[in-house]
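1. got a predicted model here, sequence first, then my questions.
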Amino acid sequence: MVRQPTRRVTAVAATAAVALATGLVGLVLHRQDAAADDAAAASASARAELVSDVRVDEDAIQRAMDGRGAAELGASVRQEARGLLLDAVENGIATLDVSEDEVADESVRDTLADAVQRAKHALESTPADASPAPDGPTGAGESAALLRALTAEVGAAEAVVHEAHDAFVATREAERAAQQAQAARAKPPSSQQGATGSTGSSGSGSTGGSGVDRCTTTYDGPPFYTSPPTKGGDGSNGKLPPSMLTATSWGVDPKGTRYYLRSAATAALERLDAAFRAQFGHHLDLDLTYRDYATQVAMREALGSIAAVPGTSMHGTGLALDVPELPCEYGYGTPQHTWLTTTGRSFGWVQPSWAAKHGSNPEYWHYEYTG
């Protein structure tokens, strides 16, 4: 007969089974917890790496932006320096043109010419529209520091040439004045007859019946002088900047100011003067050329309606000149006046009809450039 398990054995077996099952469940749960921890750690690590990558990207972007800003600022500074150098080169070239054969020591002009040439090369290698280079703040071309250094060098060399040219012109004018004074002393005095002071001739240095020298100036107002270019001028009447005017190669007024006219007018006057010298043996005498607005105002206040309304003077355009008001030398009917009014036309210089002897406002000393 088969023996049935006792109730004790059955209970023990059941207990063992329960324990085994519980252990398996605990193991499974433990492994699940460990896996969850590992997954959480991995997720946290991934997030940290992502944050780090984002920060690296942000830093790189910021550095790129900073570099681009520096590049644009550097390009702006350099273009400003380029503009200053361009102005210096233009002024230097103008000074070289005016001073040709008009300085005692040509080496000063050579120095300026060399500085201008090097400045031109720097300008050619630094285009006006140069954009910043992608790998640096300076871009193509020369640095702003070099451009500024060249500007200073050209300016200094130009100042030396200006000084040398002014000294040359002053010396020449002084020599001419001395020669004229010597010639005047050598002239015999004009004869005077009787108590009335009448004369036997009307030549240079003669006197009229009143005993007044007819060859002294016909101007009896306050002194006025020719004007230098108007710094910062806007180009309107009496406000012409240096870029619009050129000085003659000869002559200065009593204050030492050179005679300025519009560049084309000066060039034509230089040719006229060469012909005048061939005819009369000396430069054309000048009294007034360009007249700035302030001088026009002062003349109107001093002379009234005789002077032009400020802002309307032909002298304010840089296209008019006055020779000295010496009637025996430049007055109507003199050889000089006749030559100027006839030959001057071929050089573009005329005496307007209103200034003629029978014009509305006779001024034998006034001439205008018509091109």
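-> Noted; the coordinates are in hand.
2. could you point out which element follows whichever strand in the chain runs longest?
-> With DSSP state E setting the assignment, residue counts place strand 245-252 as the longest strand in the chain. Note on strand 245-252: by DSSP states H and E, the next helix or strand toward the C-terminus is strand 258-262.
3. can you map out the strands along the stretch 101-250 of the chain?
-> 192-193, 198-199, 245-252 (DSSP state E, counting those that start in this stretch).
4. now do the last one: which elements does it pack against?
-> Just to be clear, that refers to strand 245-252. When contacts are defined as 3 or more Cβ pairs under 8 Å, 6 or more residues apart in numbering; DSSP states H and E, strand 245-252 packs onto helix 7-98, helix 144-186, strand 258-262, helix 263-280. Using the backbone N, CA and C atoms, a C-beta is placed for each residue, glycine as well.
5. for it, the averaged confidence score.
-> Across strand 245-252, pLDDT averages out at 95.
6. remind me which residues of the stretch 51-200 of the chain are low pLDDT?
-> Within the stretch 51-200 of the chain, the segments meeting pLDDT under 70 span 51-71, 73-74, 129-142, 176-200.
7. now do 90
-> Residue ranges of the stretch 51-200 of the chain with pLDDT under 90: 51-83, 85-88, 90-92, 94-104, 106, 108, 119-150, 154, 158, 161-200.
8. residues near the residue lying closest to residue 143 once chain neighbours are set aside, how many?
-> Leaving aside its sequence neighbours, residue 143 sits nearest to residue 78 (Cβ to Cβ, 6 or more residues apart in numbering; 6.8 Å). Residue crowding around residue 78 was assessed by other Cβ atoms under 10 Å; the count is 24.
9. do you know how far residue 78 is from residue 328?
-> Counting by Cβ to Cβ, to the nearest Å, the separation of residue 78 from residue 328 is 61 Å.
10. ditto for residue 121
-> 56 Å.
11. who's more crowded, these two?
-> Shown here are residue 121 and residue 328; by other Cβ under 10 Å, residue 328 has more neighbours (16 against 11).
12. got the contact list for the closest residue in space to residue 366 that isn't next to it in sequence?
-> With sequence-adjacent residues excluded and distances taken as Cβ to Cβ, 6+ apart, residue 366 is closest to residue 355, at 4.6 Å. When contacts are counted by Cβ atoms under 8 Å, 6 or more residues apart in numbering, residue 355 touches 361, 362, 363, 364, 366.
13. assign the second one to helix, strand or coil.
-> State at residue 362, reduced to three classes by DSSP: H, G, I helix; E, B strand; the rest coil: coil.
14. so it sits against residue 351, correct?
-> No - contact criterion Cβ atoms under 8 Å: residue 362 and residue 351 do not qualify, at 10.1 Å.
15. the two: who's more crowded?
-> Between residue 362 and residue 351, counting by other Cβ under 10 Å, residue 351 is the more crowded of the two (21 against 13).
16. what pLDDT is listed against that one?
-> Residue-level pLDDT assigned to residue 351 equals 97.
17. contacting residues for it?
-> By Cβ under 8 Å, 6+ apart, the neighbours of residue 351 are 340, 341, 344, 364, 366, 367, 368.
18. what sits closest to the second one if chain neighbours are left out?
-> When you say that, I think you mean residue 341. Residue 341 sits nearest to residue 351 (Cβ to Cβ, 6+ apart), 5.2 Å away.
19. and for the last one?
-> Nearest-residue entry for residue 368: residue 320, 4.8 Å, with adjacent residues in sequence omitted and distances by Cβ to Cβ, 6+ apart.
20. for the one you found, grab the count of nearby residues.
-> Using other Cβ under 10 Å, residue 320 has 22 other residues around it.
21. got the phi/psi numbers for it?
-> phi -140, psi 150 (degrees, to the nearest 10).
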